[in-house]
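Participant: A predicted structure for the sequence below; I have some questions about it.
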Amino acid sequence: MTELSTPGKSYYSKGLLDEFISETSKKLELEPANHYLRCSLANALAKNGMLEQAIEHYKECIAQSSSPEYLNNLGKALLNAGRYEEAISSFARVTGLCKWPDAFFNLAQAYRSLGDLGKAVSMLEKALEHNPKYREALNERAHILEALGQKDEAMKDYKKVIALFFAEYQAHDAEFYNYETSVLLDNPELVEELIRQLRKYIQKFPGFADGYYKLGQALEAKGLKTEAMLMFRKALEINPSYETARKCFWKR
């Protein structure tokens, strides 16, 4: 299934995208019935933030082959363009054909954007039925439950997100594990859980500098500055070139 990134946030450079769009457009002129080629062009246009053009090409793809992939991609482009009712219609067609968790998640985002938080929660629960480890769906549900004043239930979801977040590294070598924890540092209860999980992390990967750096950040957020400095120093011992850890260590 093709995934679309948020417009303007792609690992492809602007120049490469422009070149790809130009070359693919030329090829499509020669093969207008090639919906695979058209979908590639639509994907690139969406990545480049050219959503209205992408939407029109996705619609052409669907006219030729109404696959759930094309419908899902159309829904994402419509969602990013703020055309929420149309996005809901497209994602609903996807879920009628197959039970993709991300289609339910995208439906939830569209309903939330329209202010229908109850329906958004219902769609997230369907996403989690099909993928109980869907971190993004748990996090989104937590945000909505918090907005609805259900803080205890929201906190349960946030803690599940953290547990799943760190469970991923158990299946991979540490150097291939990419994660960001700064978004969790604003809530004291989440910081406690983050520290607990990071201590487990560095026990499993004692030679991974980033684990010590992240633990230092969490300890600092809790106010344990001396212990945090020890973690930053440990990160530097392992990787003397770790500039962000160096800045944190020397700012004392």
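Facilitator: Looks like it came in fine.

Participant: show me what contacts L117?
Facilitator: 111, 144, 147-148 (Cβ atoms under 8 Å, 6 or more residues apart in numbering). Placement of C-beta: from N, CA and C, glycine included.

Participant: dump the residues you listed to JSON lines, plus secondary structure.
Facilitator: Supplementary listing: the contacts of L117 in JSON lines, determined by DSSP: H, G, I helix; E, B strand; the rest coil:
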{"residue": "Y111", "secondary structure": "helix"}
{"residue": "I144", "secondary structure": "helix"}
{"residue": "A147", "secondary structure": "helix"}
{"residue": "L148", "secondary structure": "coil"}
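
Participant: any chance of those in a markdown table, with pLDDT, neighbour count and distance to Q217 too?
Facilitator: Putting those into a markdown table (pLDDT from 0 to 100; neighbours: other Cβ atoms under 10 Å; distance: Cβ to Cβ, whole Å) gives the following:
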| residue | pLDDT | neighbour count | distance to Q217 |
| --- | --- | --- | --- |
| Y111 | 97 | 23 | 34 |
| I144 | 95 | 20 | 27 |
| A147 | 93 | 12 | 27 |
| L148 | 93 | 13 | 30 |
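
Participant: quick one: these as a markdown table, columns for distance to L71 too.
Facilitator: Shown next, in a markdown table, are the contacts of L117 (distance: Cβ to Cβ, whole Å):
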| residue | distance to L71 |
| --- | --- |
| Y111 | 17 |
| I144 | 25 |
| A147 | 29 |
| L148 | 30 |
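
Participant: excluding sequence neighbours, find me the nearest residue to M155.
Facilitator: Excluding the flanking residues, the one nearest M155 by Cβ to Cβ, 6 or more residues apart in numbering is E189, at 6.5 Å.

Participant: thought that neighbour was touching K156?
Facilitator: No. E189 is not in contact with K156 according to Cβ atoms under 8 Å; the separation is 11.1 Å.

Participant: more neighbours, these two?
Facilitator: K156 (15 against 10; other Cβ atoms under 10 Å).

Participant: any idea which element the nearest residue to Y158 once chain neighbours are set aside lies in?
Facilitator: Nearest residue to Y158 in three dimensions, chain neighbours excluded: A142, at 4.9 Å (Cβ to Cβ, 6+ apart). In this structure, A142 sits in helix 135-147 according to DSSP states H and E.
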